[in-house]
Every structure is written in C-alpha cells, then in structure tokens.
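Colleague: Give me a 3D structure for the following:
(chains A and B)
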Amino acid sequence: MTDITPGILMIIAAGFVPYLPHHIRQIFMLLAISLSAFSLTAGAGVHWSVAVLGQELILHNADNLTLPFGIIFHIAAVLNVIYGWHERKAMEHTAGLAYAGAAIAAVHAGDLITLFIWWEATAVTSVFLILASANERANKAAMRYLLVQVASGVMLLAGASLYWREVGSLAFGSMELGSLATWLIFIAFGIKAAFPLLNGWLQDAYPEATILGTVMLSAFTTKLAIYAFARGFAGTEYLIWIGAAMTAFPVFFAVIENDLRRVLAYSLNNQLGFMIVAIGIGTELAINGAVAHAFAHIIYKALLFMSIGSVMYRVGTAKATELGGLYKSMPLTMIFCIIGALSISAFPLFSGFTAKAVIMKAVGYEGLVFVYLILLAASAGVLHHSGIKIPYFTFFAHDSGLRPKEAPINMLIAMGIAAAFCISIGVMPTQFYQILPYSLDYQPYDASHIVGQFQLVIFAMLAFTFLMRFGFYPPEIKSTVLNSDWLYRRLIPQKCMPILNFAKRCSEFANMVVVTSGKKVILGTHYIYQHPITGPVAPGPAAIALLALLMSVLLLVNIFS
Amino acid sequence: MSNLNPQLKKMGNYASIFLLIIGFCLIIAEFFVHRHGEIDLEDLFIFPVIYGFAASVFIVVVGIGLRHILMRKEDYYD
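Modeller: Predicted coordinates:
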C-alpha cells in the first residue's frame, strides 16, 4: 500500500469527485488525501518503478528532500478542502485535488520523464482553477498560463531527451549546468519558479483564478519548481544572483499594485527568491533554509490568500481602492490576516522568522555581503507590501462603507489551522527543524537576533507610518502595472504585427498563384482531353491495359538486364 | 487619508505612538544587548534600525518612480 506514489490516489479520487453529493465529496477528498499521505511513511528508497521501452521509470522515490515537501503539500491540500467546503460546484474541487496529487507525485518522481509527466499534469489540472472564474479576462489569462506552463514542460522534455543521450541515464539527481540539455532543464524549472522576466504568468494568472483557486495555486506550482531546483541544481552559483534579483524586483511592483491578490502574487515571487538564493549556495545549512522557508511560506502565503479571498467572497473585490475599514465587520479574518502578515514579515515567534533565519545565516556564513544586504532590504520590502499593506488597506486605512458578514465558518477554520501552524513553527523551531533534510543544530532565539530583527521590522513599520502621515506613500490608484507579461501581451504582438501582415500577404499571394495555376492545369488537361490533337482517343480500359503491358515489359527488361 | 473616520484616525495615532515607544526601547536595548549579525556590517551601532528605515523609504521612492513608467489604465489590456 505504501509503495503507491503519494498523490496518485488523490488523482484517481478526483475522477469520482464530480459525482458525489456536496458534503460527502468534501469528506471523501479528506479521506483520499489521508490515504495518499499514508504512503509518506514508506521511508527512504525506491518503492515503485516500471520498465517502459527499455527505460526504468521511477514512480516513487522517497528521501529526506521529498519528505518535507510531501508533508507540506498534503497539509496544503487538506487546508484547501476545508477552505473550499462551502463551494458546491465540483469543478474547482476536482481540478484542485488532481492538481495537488500531481504536484505530490512529481516530488516523488525518480527520473526526468516521470517528472515531466507530472510537471505537465500540474499545468493541465491547475488551469481549470483559472477557467472556473468563467469570465473572458480569466479565460484569456488561463490560456496564457497554459501556454507558459506547457512551454516549460516541453523544454523539460527536450532537456531530458538530450540529457539521456548525453549521460545515458534519465535519473533525476544533481546536474551541472554546461550542456544544452541541462540549460533547457534549468530554464524549464526557472519558468515554473517565476524567475525575473519569466515571472509574468504568475502575477497575470493567479489573481484571475477563483477565490479557492488562487489559494490552491499559491501552494504547489512554484514550490514544485523549488523542490526541483533543490534536487537538480543545488550549489549552482547563478541561482544566488537570480534569487537575489527575485527578492528585490517584485517588492517595487507590489508597493504600487492596487489588486491585493496581485500584491500577494508579487510577494510570493519575492519569497521564492529567498529559497532560490539558498539553493544556489547549496550547503546543507542553506538547503535546510530553502526547505524550511518553502514549508513555512506555503502556510503563511495560503493564510494571506485565504484572508483576502474571504474578504473577496464577502464584498466581491480585492482592490485596495475599494476596501478599507473592515476590521469591525470581519474581526476574525483580520486577526488571521495579521498572523499571516507577521509570519511573512519574519516577526519573532512567527514562522517566517524561524525559517528565514536559517537562510540568512547560510548567506552570512558564506560571506555574501552584497546578497545579504539585498535580502535584508527585501525583508523590509516584504513587511511593507505584505506585512502592512495587505491588512492595512483591507481592514483599516479609509472607511469603505462596506459592512459585510464575517467569513463563513469553514473559511475561518481553515485560516485558524493555518494560523496555528504559523505560530507553532514560530515558537517551536527545534521540532520544526527536525523535518528538514539535514540535521540542524541552530537556535534562532537569542537576545541578539531578536533585538536585531525587531529593530529591522519596527523601523520599517515606522518608515511606513512616516511616509503615510506626510503623504509620501503612493496612494492606491485603479491601474494596471506593467509586468514582464507585457512582452508577450503587447510588445511582441505589436512589433511582430507588420511581419505577420507581410507573411500573411505573401501567403495569400502564393495561395493565389497556386490556385490559379492549378485551375489552368486542370482546364488545360480538360481541354486536351476534349480536343485530342491527332486521331481517335483510346477508350479508358484499353488505355489502362496498354499502360499495364508497357510497365510489365519495362519491369521484365529491368529484371533481366 | 482624506475620508478617514475619527475612530480609524484615533487608532492610527495610537498605533504610531505605540510604534515610536517600541522603537525607542529597541534603540535603548542596543546599549544592553551585545547584538551581532551574520555579517560584520550588521554589528555597527543600530544598523538594523537605519537599514530597515532607509530600505523602506528607498523602496517606496523607487516604487513612485516606477509608477510613472509602468502605470497604465485599469483596462489597458482589455
């Protein structure tokens, strides 16, 4: 039973979800996730492999790196089921369960082909979470999302094929950049991890998904890429610089973005940067930091998306310009949102603090002063856009006049569980560190670290207060902030349109020439047939018999000559 | 900020004062706690205080600048 790859049972179960009545369906999904999680107890090793066309595909590989990702993906899947309990339509539940299952199965893939299959499965299943919004904007975003995700998959497959030719193995293990194969795989992972300039799909698609869909999306796709990097490219120096850029750039965009779910998508991108830096360093301490951060991040990011989702569920918008003053109407949602905000801002006693501290220690230990300073500034930035902006503009700021009811009970329960995780991870770092891939003897709670961290975050908050009071903070404006998706949504279509028009005209001309010539040939043949130049024309069967005779003679001559 | 209701404004004032008191205490704490960072620069006197404040202001200033370049109407892509 435990040999079955975790996640596969969830994918199979997803097939039954549309046919079950509402509450039974939710319980059924929880059971499927629990059964799937049971496979995590199999222990390290290869538990299931099949031979296909002379290749061994490893469907279930488990080790110290797969375990924490397996655990957190299952926790996220459970939270999603609870958070979406009110949703009666089956589409999101079916897609969400299959998507989570595919991501979990991908984590346990022992070879690149199996990884590719699940990699694409996450794309194909998750796109329905965007399509479920059922409006034109979401449909278009979904198609762009799918194109980018499939492109990532195709690059992974191309890279895997070349890699197999190069080294004669498809095993998914540590790789070194250098050949076309490894670069293709690296970029495929980079697209899914939302590298700078490859990140447009994330901020484009996530906020267009349904309320439940965005919460589901926030957990799996990008963290699967983080896992893939940790397994395949740990210690690749490029990642340090790419990750540092990832922590910095989204911060500026998040400050001026009006859609709070898009702000969270930017902040998700920024948090991935911390993990990528750590993977680039690649030491045991750094990989521990990346995994710890991924684990904590999935929960606090889900919590933040859930809280904004709850507000959106009640008032129908997540735009900062239309929100504000909801602290009295939705006090519990506000408390959970603030717990998520404190966690992502790395306040002591919250999960972000215990997770990020390991990465910062690893960066400092390697003497990467410049990178360290970027990460420190990005931490202040995170506090601004996720720690303050999200709760402030939603629950305080100006009074929007909205007086909605508190979030539904199932949403509150899901947020409560996530908040409990955030605090537990924050106050019990030693127990938390035990699930990491390597043993870690580190205590983040000493007076020096606590005072230093409080100084950073409190004075970043004071800066916000100062800027707000003196009117320097950019006011929320209904707008679109251009991101890297502008390249393929505007620039390339605009610049390529003249070329496409020229190509279209050429094609029309060629088409016309071919059609006209073809017509003339047909008419000419017809004319000759109707008007033989000399003598009577042989009847059809006789002409075929004559032709067959001639062919036979030619064949015989050819054989005996 | 123009349509702040009195209650929100009062809450904002209390929060600001609270933050200032905490901030002051944290600077005082610098004299009593031997604070050391992961890099040497961090060991400088009240480094996180200055860096946290300056980085935040820098991010907002750059953000405002970016708005001039990157901001379009809400229906830009529609």
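
Colleague: What values do phi and psi take at the residue in chain B that chain A sits nearest to?
Modeller: Closest contact between chain B and chain A, by Cβ to the nearest Cβ, is at B:Glu38 (2.4 Å). Every C-beta, even on glycine, is put in place using the N, C-alpha and C of the backbone. Per-residue torsions, B:Glu38: phi -80, psi -20 (degrees, to the nearest 10).

Colleague: contacting residues around it?
Modeller: Neighbouring residues of B:Glu38 by Cβ atoms under 8 Å, 6 or more residues apart in numbering or on different chains: A:Met360, A:Lys361, A:Val363, A:Gly364, A:Tyr365, A:Tyr372.

Colleague: Please report the distance of it from A:Gln203.
Modeller: For B:Glu38, the distance to A:Gln203 equals 31 Å [Cβ to Cβ, to the nearest Å].

Colleague: Could you pull out the strands in chain B for me?
Modeller: When assigned using DSSP state E, the strands of chain B occupy the ranges B:71-72.

Colleague: Kindly report the same for the stretch 51-200 of chain A.
Modeller: Using DSSP state E, counting those that start in this stretch, the strands of the stretch 51-200 of chain A run over A:55-62.

Colleague: where in it is pLDDT low?
Modeller: For the stretch 51-200 of chain A, no stretch has pLDDT under 70.

Colleague: Most neighbours of all the contacts of B:Glu38, which one?
Modeller: A:Val363 (31 neighbours; other Cβ atoms under 10 Å in any protein chain shown).

Colleague: Show the pLDDT at that one.
Modeller: Per-residue confidence (pLDDT) for A:Val363: 96.

Colleague: helices and strands around the host helix or strand of it, which ones?
Modeller: Using DSSP states H and E, A:Val363 falls within helix A:351-365. Counting contacts by 3 or more Cβ pairs under 8 Å, 6 or more residues apart in numbering or on different chains; DSSP states H and E, helix A:351-365 is packed against helix A:260-281, helix A:284-315, helix A:331-344, helix A:369-382, helix A:409-427, helix A:429-433.

Colleague: ok, 10 Å please
Modeller: helix A:237-256, helix A:260-281, helix A:284-315, helix A:331-344, helix A:369-382, helix A:409-427, helix A:429-433, helix A:447-469 (3 or more Cβ pairs under 10 Å, 6 or more residues apart in numbering or on different chains; DSSP states H and E).

Colleague: a helix runs through A:Leu349, doesn't it?
Modeller: No: counting by DSSP: H, G, I helix; E, B strand; the rest coil, A:Leu349 is not found in a helix; it is coil.

Colleague: For it, give its distance to A:Tyr445.
Modeller: From A:Leu349 over to A:Tyr445 (counting by Cβ to Cβ), the distance is 9 Å.

Colleague: Overlap in contacts, the two.
Modeller: Listed as contacting both A:Leu349 and A:Tyr445 by Cβ atoms under 10 Å, 6 or more residues apart in numbering or on different chains are A:Gly426, A:Val427.

Colleague: Most tightly packed of the helices and strands packed on helix A:351-365?
Modeller: A comparison of the helices and strands packed on helix A:351-365 by mean neighbour count, using mean count of other Cβ atoms under 10 Å in any protein chain shown, puts helix A:260-281 on top with a mean of 28.

Colleague: Would you mind extracting the C-alpha trace of that helix into PDB?
Modeller: Extracted in PDB, the C-alpha atoms of helix A:260-281 (Å, rounded to 0.1, in the frame of the first residue of the first chain):
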ATOM      1  CA  LEU A 260      -4.300  42.900  -3.300                       C
ATOM      2  CA  ARG A 261      -4.300  39.300  -4.700                       C
ATOM      3  CA  ARG A 262      -1.700  40.600  -7.300                       C
ATOM      4  CA  VAL A 263       0.300  42.200  -4.400                       C
ATOM      5  CA  LEU A 264       0.400  38.700  -2.800                       C
ATOM      6  CA  ALA A 265       1.500  37.200  -6.100                       C
ATOM      7  CA  TYR A 266       4.400  39.600  -6.200                       C
ATOM      8  CA  SER A 267       5.200  38.900  -2.600                       C
ATOM      9  CA  LEU A 268       5.100  35.100  -3.400                       C
ATOM     10  CA  ASN A 269       7.700  35.800  -6.100                       C
ATOM     11  CA  ASN A 270       9.800  37.700  -3.700                       C
ATOM     12  CA  GLN A 271       9.700  34.800  -1.200                       C
ATOM     13  CA  LEU A 272      10.700  32.300  -3.800                       C
ATOM     14  CA  GLY A 273      13.800  34.500  -4.300                       C
ATOM     15  CA  PHE A 274      15.000  33.700  -0.800                       C
ATOM     16  CA  MET A 275      14.700  30.000  -1.500                       C
ATOM     17  CA  ILE A 276      16.500  30.200  -4.800                       C
ATOM     18  CA  VAL A 277      19.400  32.100  -3.200                       C
ATOM     19  CA  ALA A 278      19.700  29.300  -0.600                       C
ATOM     20  CA  ILE A 279      19.600  26.600  -3.200                       C
ATOM     21  CA  GLY A 280      22.300  28.500  -5.100                       C
ATOM     22  CA  ILE A 281      24.500  28.400  -2.100                       C
END
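
Colleague: Thank you, goodbye.
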